[in-house]
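K.L.:
Need a 3D model of the sequence below.
(one chain, ligands or ions: 1)
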Amino acid sequence: MSIRRPQIPRLLLQNVSCMRNAQQILRHVNVSLHDGGALVLTGTNGSGKSTFLRMLAGFSKPSAGEILWNGHDITQSGIFQQYKLQLNWISLKDAIKERFTVLDNVQWFELLENKIGKAQPALELMGLGRLVKEKSRMLSMGQRKRLQLARLLAIDRPIWLLDEPSVALDDEGVRLLEYIIAEHRKKGGIVIVATHLPIDIEDAMILRLPPRFPRKMTLIDMLDRADIS
Ligand SMILES: Nc1ncnc2c1ncn2[C@@H]1O[C@H](COP(=O)(O)OP(=O)(O)OP(=O)(O)O)[C@@H](O)[C@H]1O
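P.N.:
All right, here's what the predicted structure looks like:
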């Protein structure tokens, strides 16, 4: 009889806290993600969703606890060099070069990755096929987001860190985003999304970060109270 060992999670956050500017932003976060896993981060403005993603990307270090990738602490420099090659990141800063064409904006990143051939099909999938030769400065907000998503597909790394990926997308764009996330997970990819907007990700873990400051009473709260009395 063979005894199966429990698999080590691909990503494990153990009791992680994070400070920024001498302020405690995240407290005692525990998350475990295996291949194909998905995590959706929600929470009020300033609750720490972007901080969480930045920490996973290695831009800031946990002030306590550990982030383990394949069981190894990502803050060790040898490990981090390998770990960072697993990551692909989308944020509101889109890093689009205005003077490049739409196609060049994806191919440039492919080139940096020593990859080739996925830019055009990725742009077509994201509905930008007819715009590949246009200068990127011509793109609308939603088209810029679609270009960022095409980059994700072309670069094709396993761990996606997506900060507000559906902002500016129309309904079809959101469906496409949900589709590429589902396909990525089928291949064993991991997806972590920080969002305020509804997104349909099957069996995703949801982590709602607590508000950092007690909310002051708003006019709506006051009106509600007036109703009760
Ligand atoms: N560069 C920085 N230096 C210091 N503190 C920062 C920095 N960026 C953000 N913060 C603080 O960290 C806290 C969490 O910010 P963060 O951007 O992670 O929140 P968020 O949940 O992503 O918010 P939002 O929903 O508004 O995007 C905020 O109180 C913010 O003021």
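K.L.:
Okay, helices next: where are they in this structure?
P.N.:
49-56, 77-83, 102-112, 119-125, 141-155, 171-186, 219-228 (DSSP state H).
K.L.:
Looking at those helices, spot the one closest to the ligand.
P.N.:
helix 49-56 (3.4 Å; C-beta to the nearest ligand atom). No exception for glycine: its C-beta is placed from N, CA and C like everyone else's.
K.L.:
Contacts for the closest one next, please.
P.N.:
11, 16, 18, 20, 25-26, 29, 41-43, 60-62, 67, 87, 89, 91, 161-163, 192, 194-195, 209 (C-beta atoms under 8 Å, 6 or more residues apart in numbering).
K.L.:
Of those residues, just the buried ones, PyMOL syntax please.
P.N.:
Restricted to buried positions by 16 or more other C-beta atoms under 10 Å, the PyMOL selection for the contacts of helix 49-56 reads:
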select buried, resi 11+16+18+25+26+29+41+42+43+62+67+87+89+91+161+162+163+192+194+195+209
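K.L.:
Take the helices of the chain and write them to TSV, including mean pLDDT.
P.N.:
Listed next are the helices of the chain as TSV, based on pLDDT from 0 to 100:
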stretch	mean pLDDT
helix 49-56	96
helix 77-83	95
helix 102-112	95
helix 119-125	98
helix 141-155	97
helix 171-186	98
helix 219-228	66
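K.L.:
For my notes, please list these in TSV and give mean neighbour count and distance to residue 199 for each entry.
P.N.:
Shown next, in TSV, are the helices of the chain (neighbours: other C-beta atoms under 10 Å; distance: least, C-beta to C-beta, whole Å):
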stretch	mean neighbour count	distance to residue 199
helix 49-56	22	13
helix 77-83	13	25
helix 102-112	19	23
helix 119-125	19	18
helix 141-155	22	13
helix 171-186	16	6
helix 219-228	9	26
